[in-house]
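1. Give me the fold of what follows.
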Amino acid sequence: MTTAIVGAGLAGLARARALSARGEDVVLFESSERPGGVVRSEKVGGYLLELGPNTVRPTPELWRLVEDLGLESEALLADPRLPRSIDVGGRLHPLPTSAAAFLRTGLLSTRGKLRLLTEPFRRRGIPSGETVRDFFTRRLGPEVADRVVEPFVAGIWAGSSDRLSLEAAFPALARWEAERGSLTRGALADRRGSARSSRSRKRGLLSFREGLETLPRRMARELGGKLRLRCAVESVDRVGRGWRISQGAASVEVERVCIATPARQAARLVEGVAPAAAAALSAIPHAPLAVVHLSAPARAEQGFGHLVVPQAGRRILGAIWSSCLFPGRAPADRALYTVFLGGTRDPEALALADEQIVEVASRDLSTALEIPPTFEPVRVTRYAAAIPQYDLGHVRRIEALSRAEDSLPGLSFAGSYRGGISVGDVLRSALAV
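-> As a prediction, this is how the structure comes out:
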């Protein structure tokens, strides 16, 4: 046996498929009864729910995978022009997506807009050790940090901008400042480079007719008997120049092993052979998250959804207007909303009963949309450790993983705690075999 991969989330599936395609003998172990990890689509009473990621950007690597798997006819692309909003000051404001829109927006005061115009002339900051909030406050001003960046971080990471490391979470922005001295000049340079290579790139947000779980299901089907479900790995040990994968009384010896489980499970598996890496993995904080699916009578609104600025009278992090994005998400006379609570901003939300979570989500959603609270609950899903947080210690932790890989040939790590949390980032990292 050449390679064993532990964990059949997207990272493990993609790595196994890539190695198999180049002729390696691969086995993929998954402790649960289904592949895909947090990518999970479920049909409930005429609704198609996404219990994990709701949409993904069709990056070049991801779209090539879609084509290779023969899934083009199943793919759906949401209109990239669908508006996004930010809930602040008692109403929804369109999210500015251009310099002109920032100058017109009601999100910022006149002073905040004038501060924004000075960005190209701001001095470079320290090269490392800066939080996302400090970086944007320094470059774009406190209003942008509070009213645009903070809700974005809460909506994408379920985190807080005053805890995330800029270098770890948004390396491109750190690079723009270091190389160009300005976010404006860096963005323009990247846009020119992207324009030359993006003529055939798909635009919009990607899903599938049967939900995002279509992707891991198809990869699993392609792997066939190389994927072993309900096979929990108990330990990973060094044997000579290879590795032993133990499952109780059974074991298999391989030349290489890739750990593609969530960080805390990965730490447990390698603590005997790579204690420094295990300590680093155990130290990665994760945000808790409650995902609430609500339905209501269909309305004529169009949009992606909205994010929420921390403010009195609001507890949710944001909402995706799911039935506005893709067809088939709800019955014809109903609308489906996916609402998020918790995160590092409000970890206590997960201690609420389901009825309380539904009540909070319904109240905040009806107030933001200015409609009666006539929502019906479809499902409440809880994640005690949903999204890894790239905090100020994250770069050092990832360096510890790299040192373990260098000192223990054949060992590698893959997952959303490394290289980005989006589906596209996870796939790109896993496919870099």
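2. Give the other helices and strands that the helix or strand where Asp134 lies contacts.
-> Assigned by DSSP states H and E, Asp134 belongs to helix 132-140. Applying 3 or more CB pairs under 8 Å, 6 or more residues apart in numbering; DSSP states H and E, one finds that helix 132-140 makes contact with helix 166-169, helix 171-180. Backbone N, C-alpha and C define where each C-beta goes, glycine included.
3. tell me which residues of that helix are tucked away?
-> For helix 132-140, the neighbour count (16 or more other CB atoms under 10 Å) marks 132-140 as buried.
4. do stretch 246-255 as well
-> For stretch 246-255, the neighbour count (16+ other CB under 10 Å) marks 252, 254 as buried.
5. Endpoints of it, how far apart?
-> Stretch 246-255 has an end-to-end distance of 14 Å (CA to CA, to the nearest Å).
6. chain center to it, what's the gap?
-> 32 Å (CA atoms, centre = their mean, to the nearest Å).
7. any idea what sits nearest Ala187, other than its immediate chain neighbours?
-> Among residues not flanking Ala187 along the chain, Trp176 sits closest, at 6.7 Å (CB to CB, 6 or more residues apart in numbering).
8. sorry, back to before: could you dump the helices and strands packed on helix 132-140 into CSV and include mean neighbour count and distance to Gly7?
-> Formatted as CSV, the helices and strands packed on helix 132-140 follow (neighbours: other CB atoms under 10 Å; distance: least, CB to CB, whole Å):
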stretch, mean neighbour count, distance to Gly7
helix 166-169, 22, 22
helix 171-180, 16, 25
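9. mind saving the C-alpha coords of stretch 378-386 as CSV?
-> This file holds the C-alpha atoms of stretch 378-386, laid out as CSV (Å, rounded to 0.1, in the frame of the first residue of the first chain):
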residue,chain,number,x,y,z
VAL,A,378,-37.4,23.7,9.4
ARG,A,379,-34.2,22.6,11.3
VAL,A,380,-31.7,23.7,13.9
THR,A,381,-28.2,22.3,13.6
ARG,A,382,-25.4,22.9,16.1
TYR,A,383,-21.6,22.7,15.8
ALA,A,384,-19.6,22.9,19.0
ALA,A,385,-16.4,23.5,16.9
ALA,A,386,-17.4,24.7,13.5
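10. hmm, who's touching that stretch?
-> Stretch 378-386 is contacted from outside by 38, 42, 44-45, 47, 49, 51, 158, 262, 264, 286-295, 336, 342, 350, 354, 357-358, using CB atoms under 8 Å, 6 or more residues apart in numbering.
11. related to what we said a few turns ago, give me the helices and strands touching the helix or strand just after the helix holding Asp134, please.
-> Downstream of helix 132-140, the first helix or strand assigned by DSSP H and E is helix 142-144. If you count contacts as 3+ CB pairs under 8 Å, 6+ apart, helix 142-144 packs onto helix 110-117.
12. tilt between the helix it packs on and helix 132-140?
-> On the basis of axes from the mean of the first three to the mean of the last three CA atoms, to 10 degrees, helix 110-117 is oriented at 90 degrees to helix 132-140.
13. Quick one: mean pLDDT for helix 110-117?
-> Predicted confidence along helix 110-117 averages 91 (mean pLDDT).
14. Can you give the distance of that helix from its chain's centre?
-> 31 Å.
15. go on, stretch 364-380?
-> 25 Å.
16. Name the residues of that stretch that are buried.
-> By neighbour count on 16+ other CB under 10 Å, the buried set for stretch 364-380 is 364-366, 368-369, 375, 377-380.
17. Export those residues as a markdown table, with columns for distance to Val236, pLDDT and secondary structure.
-> Output for the buried residues of stretch 364-380, formatted as a markdown table (distance: CB to CB, whole Å; pLDDT from 0 to 100; DSSP: H, G, I helix; E, B strand; the rest coil):
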| residue | distance to Val236 | pLDDT | secondary structure |
| --- | --- | --- | --- |
| Asp364 | 44 | 96 | helix |
| Leu365 | 45 | 96 | helix |
| Ser366 | 50 | 95 | helix |
| Ala368 | 47 | 94 | helix |
| Leu369 | 49 | 93 | helix |
| Phe375 | 46 | 96 | coil |
| Pro377 | 42 | 97 | strand |
| Val378 | 40 | 98 | strand |
| Arg379 | 35 | 97 | strand |
| Val380 | 35 | 98 | strand |
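18. Nearest to Pro60 among the residues you listed?
-> Nearest to Pro60 among these is Arg379, at 33.7 Å by CB to CB.
19. about what we covered before: which among the helices and strands packed on helix 132-140 is found nearest to Gly305?
-> That would be helix 166-169 among these, by CB to CB, at 21.3 Å.
20. what's that closest one packed up against?
-> Using 3+ CB pairs under 8 Å, 6+ apart, helix 166-169 sits against helix 132-140, helix 171-180, helix 394-407.
21. what's the angle from the first one to helix 171-180?
-> Angle of helix 132-140 versus helix 171-180, following the same axes, to 10 degrees, is 40 degrees.
22. how far away is the residue nearest the centre of the chain from Val56?
-> Nearest to the geometric centre of the chain sits Ser422, at 3.6 Å (CA atoms, centre = their mean). From Ser422 across to Val56, the span is 7 Å (CB to CB, to the nearest Å).
23. The spatially closest residue to Val309 that is not a sequence neighbour - how many residues pack around it?
-> In space, Val309 comes closest to Val88 once its chain neighbours are excluded; the distance is 4.0 Å by CB to CB, 6+ apart. For Val88, the neighbour count with other CB atoms under 10 Å is 21.
24. thought Val88 was touching Ala312?
-> No - at 11.4 Å, Val88 does not count as touching Ala312 under the criterion of CB atoms under 8 Å.
25. Would you map the strands across the stretch 51-200 of the chain?
-> Secondary structure of the stretch 51-200 of the chain (DSSP state E, counting those that start in this stretch): strands located at 75-78, 84-88, 91-94.
26. Could you list the buried residues of stretch 78-88?
-> 78, 83-88.
27. if we can go back for a sec, which residues make contact with the helix holding Asp134 from outside it?
-> 115-116, 119, 122, 125, 130, 144-145, 149-150, 153, 160-162, 164-166, 169-170, 173-174, 177, 183.
28. For stretch 87-105, measure first residue to last.
-> 13 Å.
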